[in-house]
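>>> Coordinates for the following, if possible.
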Amino acid sequence: MKPIWIVDDDQSIRFVLEKALAREELPTRSFTHPREVIAALDDLGEDDPGNCGPQVLVSDIRMPGGSGLDLLEKVKARHPGLPVIIMTAFSDLDSAVSAFQGGAFEYLPKPFDLPRAVELIRRAVEESQREEVAEERMAAAPEMLGQAPAMQDVFRAIGRLSQSHVTVLITGESGSGKELVARALHKHAPRAGGPFVAINTAAIPKDLLESELFGHERGAFTGAQTMRRGRFEQAEGGTLFLDEIGDMPFDLQTRLLRVLSDGHFYRVGGHSAVKANVRVIAATHQDLEQRVKDGVFREDLFHRLNVIRLRLPPLRERREDIPALTRHFLQQSATELGVEPKRIADSALARLAAFHFPGNVRQLENVCHWLTVMAPAQVIEAKDLPPELLPPVSPVPVTDTGDGAPIYPPSSVPAAGHSSAPQTYTPPVQGTAPSLAWEQGLEAEVQQLLSTGRRDVWDVLIRRFESRLILTALANTRGRRIEAAQKLGIGRNTITRKIQELGLE
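The predicted model follows:
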């Protein structure tokens, strides 16, 4: 079981809780101020399975090293499902209210009754374990869906490889699901009982990648204070997934080739060979044959990796799978956010199926998260889809002069000597740099509202503007209010108040 983390600058409080929880056979880890907790969280990761994160966090609210509320905010941004108990003096009950608003599981007033404190921590442990079970159920849900012939070929290949230890090279565009295929190959192989360890070779700086893969000995370089196992050792008896292998530095390719050839490697700074009992699965979105011709990828390594090749089709080649994938992702997103799953109309599905999805399945998943938060009704219509999936907006005159001549917004009035065709307002595509296009659209909207004689134009547009800002930020953070407030540059109380005022609950 993972430990209960206790954060308090008062040594007596830490001692009492440690002893009480030890009697209940609950492991603990103590800290004196929030900075230590953040440092410990930074040290956590898949690269160190033995470094257990917290099951529950119990923190004082006021410490010389920082605020418990600030710690709560930072921890929740990283681990939203982690129960956090805030300890507070009676005079800090106002802060306790803020703790609840920040997502605390419960507050524990000081001085506290020890049996009650232990009971509260036990409840938090049970809540944490329920969260873990929910995550396991999510993980057990169908990870790969597909009726398209191209995907059926992939499934058949996974089945044929189910009793094999052979090296596999997975190719496909970014976002097409290469890691899911790798996990399926591991899950249905004789090594399924061993660990599955993944590393993106393109995401780690060249100077650190060697140590990440092979580990290092103590004193191997500045900062190497202890011996560290690399990914090959962590994957012992299981599978090592090397994503974006085409971007691996050339000199490290030589070391990888040696491991694949004789099954041994040396830690950085080490002198004793370490045997690697690992199945390697590699993936890339690049043309490795062309990279070999360009002299940036070793031909002998390519042939070592290219024993069995699986090509994963892009989403545009399996459009018939889009409806099933969409419904799956909508269900998944609703479960994560704790809301009722939304349904999607056939017209919206048809629009999705017609889109080319340059970001493949990952982009479709992001669209479904966006729709779960942003779509106004329980049934998603075509008009509710994100702007980049909708057809371009044709220019529409704001009003009419009575003689058939349209009046356009000031920014779209044709210049003298140019065509009389109005300039087109095109909504900016998500992810692109801001342009004047949205300002032109705003001017058109202002003109239209003013022409109706309304006296609340300011309030109407401000409400719509603030609503769009907050909803987009919540979609970006998957409903996490504190993180959304941080990204918008406002306080957590402000975003809570605005959500209530604007009716966005």
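>>> residue ranges with poor pLDDT in the stretch 251-400 of the chain?
Along the stretch 251-400 of the chain, segments meeting pLDDT under 70 span 391-400.
>>> now the helices for it?
288-293, 299-305, 322-337, 346-354, 360-374 (DSSP state H, counting those that start in this stretch).
>>> looking at the ones you listed, which is closest to residue 16?
Taking CB to CB, helix 322-337 is the member of the helices of the stretch 251-400 of the chain nearest to residue 16, at 37.1 Å. C-betas here are computed from N, CA, C, even on glycine.
>>> how much space between the closest residue in space to residue 259 that isn't next to it in sequence and residue 241?
Of all residues not flanking residue 259 in the chain, residue 265 sits nearest, at 4.7 Å (CB to CB, 6 or more residues apart in numbering). Distance of residue 265 to residue 241, given as CB to CB, to the nearest Å: 17 Å.
>>> who's more crowded, the two?
Neighbours per residue (other CB atoms under 10 Å) separate residue 265 from residue 241, with residue 241 holding more: 27 against 22.
>>> Is the more buried one in contact with residue 198, as I believe?
Yes: with contact defined as CB atoms under 8 Å, residue 241 reaches residue 198; the gap is 4.2 Å.
>>> Please identify every residue contacting each of those two.
Counting by CB atoms under 8 Å, 6 or more residues apart in numbering, the contacts common to residue 241 and residue 198 are 179, 182.
>>> Listing request: residues of the stretch 1-150 of the chain with sub-threshold pLDDT.
By pLDDT under 70, the low-scoring segments of the stretch 1-150 of the chain are 45-52, 90-102, 130-143.
>>> Would you map the helices across it?
For the stretch 1-150 of the chain, the helices defined by DSSP H, counting those that start in this stretch occupy 11-23, 34-43, 68-78, 93-101, 114-140, 149-160.
>>> Just the element for residue 483, please.
Residue 483 is part of helix 481-488, with elements assigned from DSSP states H and E.
>>> Taking their axis directions, that helix and helix 68-78 sit at what angle?
Angle, helix 481-488 to helix 68-78, by axes from the mean of the first three to the mean of the last three CA atoms, to 10 degrees: 90 degrees.
>>> now helix 481-488: how far from the chain's centre is it?
Distance of helix 481-488 from its chain centroid, counting by CA atoms, centre = their mean, to the nearest Å, is 15 Å.
>>> contacting residues around stretch 214-229?
Outside stretch 214-229, the residues that touch it by CB under 8 Å, 6+ apart are 211, 230, 232-233, 255, 265-270.
>>> hang on, I meant stretch 359-373
With CB under 8 Å, 6+ apart, stretch 359-373 has contacts from 173-177, 314-315, 322, 325-326, 329-330, 332-334, 337, 339, 341-342, 344, 352, 357, 380, 384-386, 389, 471, 474-475, 478-479.
>>> Could you rerun that using 6 Å?
Residues from elsewhere that reach stretch 359-373 (CB atoms under 6 Å, 6 or more residues apart in numbering): 173, 175-177, 314-315, 325, 329-330, 333-334, 357, 380, 386, 474-475.
>>> out of those residues, which one sits closest to residue 491?
residue 474 (15.5 Å).
>>> The closest one is in contact with residue 482, isn't it?
No: contact criterion CB atoms under 6 Å: residue 474 and residue 482 do not qualify, at 11.0 Å.
>>> so residue 158 makes contact with residue 182?
No: Residue 158 lies out of contact with residue 182 (CB under 6 Å); the separation is 10.1 Å.
>>> Just the pLDDT for the closest residue to residue 73 other than its chain neighbours.
Distances taken as CB to CB, 6+ apart place residue 482 nearest to residue 73, at 5.3 Å, with adjacent residues excluded. Residue 482 carries a pLDDT value of 84.
>>> What is the neighbour count of residue 482?
For residue 482, the count of nearby residues is 21 (other CB under 10 Å).
>>> So it is in contact with residue 492, correct?
Yes: assessed by CB under 6 Å, residue 482 is found in contact with residue 492 at 5.1 Å.
>>> after the helix holding residue 483 comes which helix or strand?
Per DSSP H and E, helix 481-488 leads on to helix 492-501 as the next helix or strand towards the C-terminus.
>>> Tabulate the CA atom coordinates of that next one in PDB.
Taking Å, rounded to 0.1, in the frame of the first residue of the first chain, the C-alpha atoms of helix 492-501 are listed here in PDB:
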ATOM      1  CA  ARG A 492      -9.800  30.300  -8.000                       C
ATOM      2  CA  ASN A 493     -12.500  32.200  -6.100                       C
ATOM      3  CA  THR A 494     -13.000  34.400  -9.200                       C
ATOM      4  CA  ILE A 495     -13.600  31.500 -11.500                       C
ATOM      5  CA  THR A 496     -16.000  29.900  -9.100                       C
ATOM      6  CA  ARG A 497     -18.000  33.100  -8.700                       C
ATOM      7  CA  LYS A 498     -18.000  33.700 -12.500                       C
ATOM      8  CA  ILE A 499     -19.200  30.100 -13.200                       C
ATOM      9  CA  GLN A 500     -22.100  30.800 -10.800                       C
ATOM     10  CA  GLU A 501     -22.900  34.200 -12.200                       C
END
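>>> Okay, angle between that helix and helix 68-78 too, please.
Per the same axes, to 10 degrees, the angle that helix 492-501 makes with helix 68-78 is 60 degrees.
>>> Could you list every helix and strand that helix 492-501 packs against?
Under the contact criterion of 3 or more CB pairs under 6 Å, 6 or more residues apart in numbering; DSSP states H and E, helix 492-501 touches helix 481-488.
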